[in-house]
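A.B. asks: Mind folding the following:
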Amino acid sequence: MMKLSRLILLLIIAIAVASCARQTRKVSYSVKTGTSYKKGKSPKTGMVYNDESNGGFMVNTKYKRKTPPGLVPIEGGTFVMGANAQNSMSYSNKITKKRVTVASYYMDETAVSNRDWLEYLYWIKTNYPDDHKMYYDALPDSTVWDRTSTANSQYSKIYLRHPAFQDYPVVGVSWVQANEYCSWRTDRVNEQILREKGILKPWKEVKESGAESYVPFKTEDYLQGKYKGEQFDGRNMPKDYSLNADADSRRTVGIEDGLLIQPYRLPTEAEWEYASVALLANQDGYLTQEKFNPRSEHRSTKGLIMMNYKQGKGNNMGTAGYLNDGADITAPVRAYEPNAFGLYNMLGNVNEWVADAYQENTYNGTNDLSPAVGFGGESDLLAMVDPVKPSYDEFIEQQAEDNQNDDLSDPILDSLDVQLFGISTLVSPSSRVIKGGSWDDRLPLVNPSARRFFNKESSSATIGFRCAMTMTGSPEVISKNMKRASKKRHTSRLRRSK
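C.D. replies: This is a model prediction of the structure:
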């Protein structure tokens, strides 16, 4: 009797759920736009969308967000910037803590590699063969490897171009060059989308037309209608439903169509730190009195060093037979394990440029939602001078007391620390933040909250970069990495509770 009652109850619930499902199918609800409407019809005017006989207003009712090439979706949230900082970590840093919220965004899975940069150089050389200055300006500074009293100068000739280093992070690139690459990458991805969909002529037809007919694509020029006509128009251009258009008129694609991606850009400091902290917040054993263990906690690799940094003075990779991090200089961009977001080498290997202009106490005066300094252009930069910055001698003494980094005589490290005192004793409006630590930094600097600065037009053998992108629509991210991170958090809590 009890079993029969349960079956009847389950049947009633199933009928109720099915009834609700039928009702909800009558009206579509889009999480992406947050609007409820009958498909193909305006809820405010009753006008029919995408109908040339009813006004011709075009709406993409089937839009689905896709992750652009090379990127990983990062679900935003609240966290404390500067929470992992160590006292007197760097001579120029008075790192304060501030709780902020970071909007969801995309981040490159890896740093930009030498192969990626060679693709960029090849494109410039192919499409602008006579513009030697453009090609020269895009070249990384190979002299970053040329330092006195070292035998590293051989890298100046082979590091960028030799296939053995093709998967290693590009270095010798300035902040300005990194931004130029971001713009170029945006144009290439948008062009590829339009050609694959037949909105622009496909590559095969372009090649058949001859190189002289090809015009290098720029997204902004396309949106302004500069790529129209027989030379550009593909067979799948969308129909023009506007009232004054001819019956067979076609139009270019706009932002409203949802095909073109948002611009690639450098991440803000807050975005970069948030993505990096995932390594610490979601793996058991990484947080111990605001310090972390760089060794793996995974069963198969337990105890192995999982980041590329300098172990101590004169010790870049351990001893023969047991190379602790397996790298004397940089390591491949996919070396070691990714963090909980699926990002590789967010700590160590190379410092990374971020979008922010540098100033001490950078969190003060910034918004607590997606904070950034100088992100909106030079006009919102604050006066960045530090009248109480210690002298060089004071800095040396402080470093000795803190025992943070005893490698000040190292020629590569000098390019980031010591030489700054010879070049500029005050932070300038041209200073940009670098994050993450490098293959030539000691452990205290290989920290999500560590922050240093470098001139935006200068470069180093220890600085690379990765791109980011603004996410449109809902901040919620459903991905394998997010599910994996949630599982790790749950497992970590269970272990701590035992």
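A.B. asks: can we go C-alpha only for contacts and neighbour counts from here?
C.D. replies: OK.
A.B. asks: where does the chain have low pLDDT?
C.D. replies: Along the chain, segments meeting pLDDT under 70 span 1-39, 85-95, 148-149, 211-213, 279-305, 312, 314-325, 361-427, 479-498.
A.B. asks: domain parsing for it?
C.D. replies: Residue ranges for the domains of the chain, per automatic domain parsing: 71-184+264-483, 198-257.
A.B. asks: part of a helix, is Met469?
C.D. replies: No. Secondary structure assignment (DSSP: H, G, I helix; E, B strand; the rest coil) places Met469 in strand, not in a helix.
A.B. asks: What's the local residue count around it?
C.D. replies: 23 (other Cα atoms under 10 Å).
A.B. asks: cool, and the one 5 residues further on?
C.D. replies: Ser474 sits with 15 neighbouring residues when counted by other Cα under 10 Å.
A.B. asks: Wait, a strand at Thr78?
C.D. replies: Yes. Membership of Thr78 in a strand is supported by three-state DSSP.
A.B. asks: Would you quantify the distance from it to Asn345?
C.D. replies: Applying Cα to Cα, to the nearest Å, the value for Thr78 to Asn345 is 22 Å.
A.B. asks: try Phe165
C.D. replies: Computed as Cα to Cα, the Phe165 to Asn345 distance reads 16 Å.
A.B. asks: Looking at these two, which has the bigger crowd around it?
C.D. replies: The residue with more neighbours, out of Phe165 and Asn345, is Asn345; 28 against 18, by other Cα under 10 Å.
A.B. asks: my guess is that one contacts Arg334, does it?
C.D. replies: Yes. At 7.3 Å, Asn345 counts as touching Arg334 under the criterion of Cα atoms under 8 Å.
A.B. asks: any idea how far Pro216 is from Leu121?
C.D. replies: 14 Å.
A.B. asks: More neighbours: those two, which one.
C.D. replies: Leu121 (17 against 12).
A.B. asks: Spit out the contact partners of the more buried one.
C.D. replies: 135, 138-139 (Cα atoms under 8 Å, 6 or more residues apart in numbering).
A.B. asks: ok, Ala178 - contacts?
C.D. replies: Here Ala178 is in contact with 266, 465 (Cα under 8 Å, 6+ apart).
A.B. asks: Regarding it, what is its secondary structure?
C.D. replies: Reduced to three states by three-state DSSP, Ala178 is helix.
A.B. asks: how near is Tyr336 to Arg195?
C.D. replies: 36 Å.
A.B. asks: Now Lys125: which helix or strand?
C.D. replies: Secondary structure from DSSP states H and E places Lys125 in helix 114-127.
A.B. asks: Which positions within that helix qualify as buried?
C.D. replies: 114-118, 120-121, 123-125 (16 or more other Cα atoms under 10 Å).
A.B. asks: Looking at neighbours, which among the contacts of Leu121 is most surrounded?
C.D. replies: Counting by other Cα under 10 Å, top hit in these: Ala138 with 19 neighbours.
A.B. asks: unless I'm mixing things up, that one is touching Asn179, no?
C.D. replies: No. Assessed by Cα under 8 Å, Ala138 is found out of contact with Asn179, at 10.9 Å.
A.B. asks: From Asn54, how far out is Asp356?
C.D. replies: Applying Cα to Cα, the value for Asp356 to Asn54 is 48 Å.
A.B. asks: quick one: which of those two has more around it?
C.D. replies: Neighbour count, other Cα under 10 Å: between Asp356 and Asn54, Asp356 has more, with 25 against 14.
A.B. asks: Look up which helix or strand that one falls in, please.
C.D. replies: Asp356 belongs to strand 351-357, assigned by DSSP H and E.
A.B. asks: Which other helices and strands does that strand contact?
C.D. replies: helix 269-281, strand 431-435, strand 463-464 (3 or more Cα pairs under 8 Å, 6 or more residues apart in numbering; DSSP states H and E).
A.B. asks: how much space is there between the residue lying closest to Leu160 once chain neighbours are set aside and Leu266?
C.D. replies: Closest residue in space to Leu160, ignoring its immediate chain neighbours: Asn114 at 5.6 Å, by Cα to Cα, 6 or more residues apart in numbering. Distance check for Asn114 against Leu266: by Cα to Cα, it reads 18 Å.
A.B. asks: Equivalent analysis for Leu139, please.
C.D. replies: 19 Å.
A.B. asks: can you check Glu360 too?
C.D. replies: 20 Å.
A.B. asks: Could you check which of the two is surrounded by more residues?
C.D. replies: Leu266 (26 against 18).
A.B. asks: contacting residues around the more buried one?
C.D. replies: So Leu266 contacts 178-179, 182, 353-355, 465-469 (Cα under 8 Å, 6+ apart).
A.B. asks: mind redoing it with 7 Å?
C.D. replies: By Cα atoms under 7 Å, 6 or more residues apart in numbering, the contact list for Leu266 reads 179, 354-355, 466-468.
A.B. asks: ChimeraX command to pick out the buried ones of the residues you listed?
C.D. replies: Command for ChimeraX, covering only those of the contacts of Leu266 found buried under the criterion 16+ other Cα under 10 Å:
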select :179,354,355,466,467,468
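A.B. asks: And for Arg188, the neighbour number?
C.D. replies: Neighbours of Arg188 (other Cα under 10 Å): 16.
A.B. asks: Over to Tyr241?
C.D. replies: For Tyr241, using other Cα under 10 Å, the count is 22.
A.B. asks: so it sits right up against Glu52, yeah?
C.D. replies: Yes. If you go by Cα atoms under 7 Å, Tyr241 and Glu52 touch, sitting 4.7 Å apart.
A.B. asks: which residues sit in contact with the closest residue to Val446 other than its chain neighbours?
C.D. replies: Counting by Cα to Cα, 6+ apart, the nearest residue to Val446 once its immediate chain neighbours are dropped is Gly437, at 4.3 Å. By Cα under 7 Å, 6+ apart, Gly437 lies in contact with 347-348, 350-351, 445-447.
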